[in-house]
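>>> Kindly return the folded structure for what I paste below:
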Amino acid sequence: METNAVHASAGKTSGPDAVLRILDSLLADSSQKRLTGNQATVILDALASSNDPDLVVRFPVVLSICARNGVSLNSHALFSKYWESSPKKKNLEKLLLISAELFDLDGIEAPQNLKKIVRSLKAKYGSLQSTRLLSLSSGMTVAIKDIQNTLRDYTAKIKNAASESSGTKPKTDMLQRSTELDACLDRLFSPKQKDLVFKKLNSESFTKTEREYYSRVVRKKLKAIANSQVGYIANRLTQK
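Below is the predicted model of the structure:
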């Protein structure tokens, strides 16, 4: 079974090739594959030390896999081999911090102990999500948007896989954006508001600005429409 294959490689994750093989296997996602705490530590360390931006952006995805597998982060295991001023340690700290901020932003489940670990890092680095680029050692920079999109893509993939395995259809299949529906919504919402309605309906991720606007404006409109008295009046008057 895949589970045994992954567990058997726990003692062979010291080399970069082995780390990437395990990571690729996990990202392929099978419910049989499990991630151990030791593997998580080695993979996170390897990604934080990588000079390849395409690998670094996968960092929060590994944390998401930890959360799904019930893996609790061990700060001693993550940081103990580095001295305080080590550039690699700073990379690890920054990636943990931005990951925690992105989890909060999109409402994604974080692994145990992540919030506790990053509490002191916020005082050290401040908020990172407001920066366009994340500066790492060796002069490398990674776009925050690329990290966020990689995490969102993985989260969407997991949701779709869960829907397929449970035999339920995604919400997008249950309510299509028909011409008639679009025309009705156009009478009530601006194009921007209408897009947010469908994003929320289909469980798509919001940006911070979208989430605030949805809560402040769109949700209030929807609550008014859903009011039973408003519905009664609408039905009564359209029948006359």
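>>> C-alpha from now on. contacts and neighbour counts both.
Fine.
>>> ok, the residue nearest the centre of the chain to Ser205 distance?
With the centre of the chain defined as its mean C-alpha position, the nearest residue by C-alpha atoms, centre = their mean is Leu151, 4.1 Å away. Relative to Ser205, Leu151 is positioned 11 Å away (C-alpha to C-alpha, to the nearest Å).
>>> Show the model's pLDDT score for the closest residue in space to Glu210 that isn't next to it in sequence.
In this structure, Glu210 finds its nearest non-sequential neighbour in Leu196, 7.5 Å apart by C-alpha to C-alpha, 6 or more residues apart in numbering. You'll see Leu196 listed with a pLDDT of 89.
>>> C-terminal to the host helix or strand of Leu196, what's the next element?
If you go by DSSP states H and E, Leu196 is part of helix 191-201. Sequence order places helix 208-213 as the next helix or strand after helix 191-201, per DSSP H and E.
>>> Can you name the next helix or strand after that following helix?
That would be, after helix 208-213 and using DSSP H and E, helix 219-226.
>>> For that following helix, buried residues please.
When neighbours are counted by 16 or more other C-alpha atoms under 10 Å, no buried residue of helix 219-226 is found.
>>> Report the mean confidence score over it.
Rounded mean pLDDT across helix 219-226 is 88.
>>> who does it touch, helix- and strand-wise?
Other elements packing on helix 219-226 under the criterion 3 or more C-alpha pairs under 8 Å, 6 or more residues apart in numbering; DSSP states H and E are absent; no helix or strand qualifies.
>>> Put the alpha carbons of the very next helix or strand once past that helix into PDB.
Along the chain past helix 219-226, the next helix or strand (assigned with DSSP H and E) turns out to be helix 228-238. In PDB, the C-alpha atoms belonging to helix 228-238 read as follows (Å, rounded to 0.1, in the frame of the first residue of the first chain):
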ATOM      1  CA  SER A 228     -39.700  36.000   4.700                       C
ATOM      2  CA  GLN A 229     -41.800  39.200   4.700                       C
ATOM      3  CA  VAL A 230     -39.900  40.600   1.800                       C
ATOM      4  CA  GLY A 231     -40.500  37.300   0.000                       C
ATOM      5  CA  TYR A 232     -44.200  37.500   0.800                       C
ATOM      6  CA  ILE A 233     -44.500  41.000  -0.600                       C
ATOM      7  CA  ALA A 234     -42.500  40.100  -3.700                       C
ATOM      8  CA  ASN A 235     -44.700  37.100  -4.400                       C
ATOM      9  CA  ARG A 236     -47.900  39.000  -3.600                       C
ATOM     10  CA  LEU A 237     -47.200  42.000  -5.800                       C
ATOM     11  CA  THR A 238     -45.800  40.100  -8.800                       C
END
